[in-house]
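*Asks:* Give me a 3D structure for the following:
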Amino acid sequence: MIAAISAAYAAKGKINIIICERMARLGKKILATGNGRCNFTNVNASPQHFFGEDPIFTQPALSEFDIESTLGFFRSLGILPKEEAEGKIYPYSDQASAILDALRLEIERLGIDVRTGFDVKDVFVVKKGFRVVSYKNEAILADRLIVACGGCASPDLGSNGSGFKLLEKLGHRISKLHPALVQIRLKADFLKSLSGIKFKGRVSILVNDKIRHEERGEVLFTDYGISGPPIFQLSAYVPENTAAYISIDFMPGYKKEDIYYLLKQRAKALKHLTMESFFNGLFNKRVGNVIARASGIAKLSLPVADLTDEHINAIAANIKNFKIEISGLNGWNNAQVTAGGALTSQFNNQTMESKKVRGLYCCGEILDIHGECGGYNLQWAWSSGYIAGRSAAQSF
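*Replies:* Below you'll find the model as predicted:
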């Protein structure tokens, strides 16, 4: 949508622009962003918040159509932005539908032709450009072609990975694809007892007992593993075919020795209780029970007065570094974005044009670029789409 709008702005009515949309309506995926509120950009957007073959590839687009340009564009369409924690920007109405409607209405105003239900089966390079063919054998001839159909994440919302096959046929290499910004599956028999519990802490990916990456924030236990914004960020660092663990620090503001002395004092004050009530006011009761069992306390009926130094030291260690084995990631249906894609080395990052096929442009998630959680991926969509659309229109 942004590529089509940008092309229309640059062309000033001199070219015909057609959007081929696989779904029955445009922009269905936007409605699911930001829990239905659409966190449509982030004030901190820069290459350091992106992953892929070469995150620096994003620099020209993010600089040209930057945060101020993005906010100005959406303001011109009636969207009043508001900034929340960690630089996240939402529409003031807190409605993802507002972003979609703004884009849709601008597309209508500009007279852009939208062909919904046009599921592209194949693309052929012809003498004057491209021949785009749908599964219904509809065909469109185009002088320029922009592939902006996303990756494999959330296929029910529109992006099913078909664009990668089209690009491969046109001679482009696709790096290995896997779900990103997705929940992490864990291997533990206590998960169902913790399902639905949220906590704020620090979580890390451990490989060979070394921290690969860590995040802080609100985390949610599920019956299959763990979720929440910090987990989505960590999912990009889960290795394939290598043993890895999630490490949870339930009290990141305390050192282990401080926790030890806190627990010692707590045991003295609460010696009349059993371990079933020992963590009351410190952690969720069910979390406390799991920590206790992991620390060698087989029965929660154990009197607090019977806690040994060994028990207390083990509890302190588990509070700071509670390790759970990772069994994998949730699949494409749960992923927010796709890691991997068309190799950026085969594209010009000043124009988004292919270096292999003249007149072919790519933008957004179809490229081997994905961002952190928090509005970065939509900013990449706006920036790269804007550059691709303008460049395509100006190339005539």
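*Asks:* what sits opposite K323 in the beta ladder?
*Replies:* S247 (DSSP bridges).
*Asks:* and it, what does it touch?
*Replies:* 206, 245-248 (Cβ atoms under 8 Å, 6 or more residues apart in numbering). For glycine as for every other residue, the C-beta is placed from the backbone atoms N, C-alpha and C.
*Asks:* How much space separates it from V207?
*Replies:* 12 Å (Cβ to Cβ, to the nearest Å).
*Asks:* What are the boundaries of the strands in the stretch 101-250 of the chain?
*Replies:* Secondary structure of the stretch 101-250 of the chain (DSSP state E, counting those that start in this stretch): strands at 113-116, 120-126, 129-134, 139-142, 145-147, 178-180, 184-187, 198-207, 210-221, 225-227, 245-249.
*Asks:* Can you check which of those strands gets nearest to I297?
*Replies:* Proximity to I297, assessed across the strands of the stretch 101-250 of the chain by Cβ to Cβ, is greatest for strand 245-249 (18.3 Å).
*Asks:* export the strands of the stretch 101-250 of the chain to TSV and tack on distance to S395 and mean pLDDT?
*Replies:* Listed next are those as TSV, based on distance: least, Cβ to Cβ, whole Å; pLDDT from 0 to 100:
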stretch	distance to S395	mean pLDDT
strand 113-116	20	98
strand 120-126	16	97
strand 129-134	11	97
strand 139-142	12	97
strand 145-147	11	98
strand 178-180	32	90
strand 184-187	43	97
strand 198-207	44	96
strand 210-221	40	95
strand 225-227	44	97
strand 245-249	48	97
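*Asks:* can I get the ones you listed in TSV with distance to H311?
*Replies:* Below are those laid out as TSV (distance: least, Cβ to Cβ, whole Å):
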stretch	distance to H311
strand 113-116	64
strand 120-126	63
strand 129-134	67
strand 139-142	71
strand 145-147	60
strand 178-180	40
strand 184-187	25
strand 198-207	22
strand 210-221	24
strand 225-227	26
strand 245-249	19
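*Asks:* So which of these is nearest V304?
*Replies:* V304 lies closest to strand 198-207 among the strands of the stretch 101-250 of the chain, at 22.5 Å (Cβ to Cβ).
*Asks:* Tell me the helices and strands packed up against the closest one.
*Replies:* strand 210-221, helix 229-234, strand 245-249 (3 or more Cβ pairs under 8 Å, 6 or more residues apart in numbering; DSSP states H and E).
*Asks:* How about P179: what's its closest non-neighbour residue?
*Replies:* Nearest residue to P179 in three dimensions, chain neighbours excluded: A335, at 3.5 Å (Cβ to Cβ, 6 or more residues apart in numbering).
*Asks:* Also P155?
*Replies:* P155 sits nearest to W332 (Cβ to Cβ, 6+ apart), 6.0 Å away.
*Asks:* Dihedrals phi and psi, F283?
*Replies:* When read as degrees, to the nearest 10, the backbone of F283 gives phi -140, psi 170.
*Asks:* Domain-wise, how is this structure divided?
*Replies:* 2-179+340-394, 183-330 (automatic domain parsing).
*Asks:* Quick one: end-to-end distance for the longest one.
*Replies:* Terminal residues of domain 2-179+340-394 lie 16 Å apart, using Cα to Cα, to the nearest Å.
*Asks:* Where do the helices of the stretch 1-150 of the chain begin and end?
*Replies:* Per DSSP state H, counting those that start in this stretch, the stretch 1-150 of the chain carries helices over the ranges 2-11, 59-64, 67-76, 96-109.
*Asks:* what about those helices, which gets the closest to N35?
*Replies:* The nearest among these, by Cβ to Cβ, is helix 96-109 at 8.6 Å.
*Asks:* now for the closest one, which elements pack on it?
*Replies:* Using 3+ Cβ pairs under 8 Å, 6+ apart, helix 96-109 sits against helix 2-11.
*Asks:* Could you give me the buried positions within the helix it packs on?
*Replies:* 2-8, 10-11 (16 or more other Cβ atoms under 10 Å).
*Asks:* who's in contact with the nearest residue in space to T242 that is not next to it in sequence?
*Replies:* Nearest residue to T242, sequence neighbours excluded (Cβ to Cβ, 6+ apart): V207, at 6.2 Å. Neighbouring residues of V207 by Cβ under 8 Å, 6+ apart: 239, 242-245.
*Asks:* try it again with 10 Å
*Replies:* Residues counted as contacts of V207 (Cβ atoms under 10 Å, 6 or more residues apart in numbering) are 213, 237-239, 242-245, 326.
*Asks:* Of all pairs in those residues, which one is the farthest apart?
*Replies:* Top of the distance list for the contacts of V207 (Cβ to Cβ): H213 and A243, 16.1 Å.
*Asks:* higher neighbour count, the two?
*Replies:* H213 (15 against 10; other Cβ atoms under 10 Å).
*Asks:* thinking that one is in contact with R202, fair?
*Replies:* No: taking contacts as Cβ atoms under 10 Å, H213 lies outside contact range of R202: 11.3 Å.
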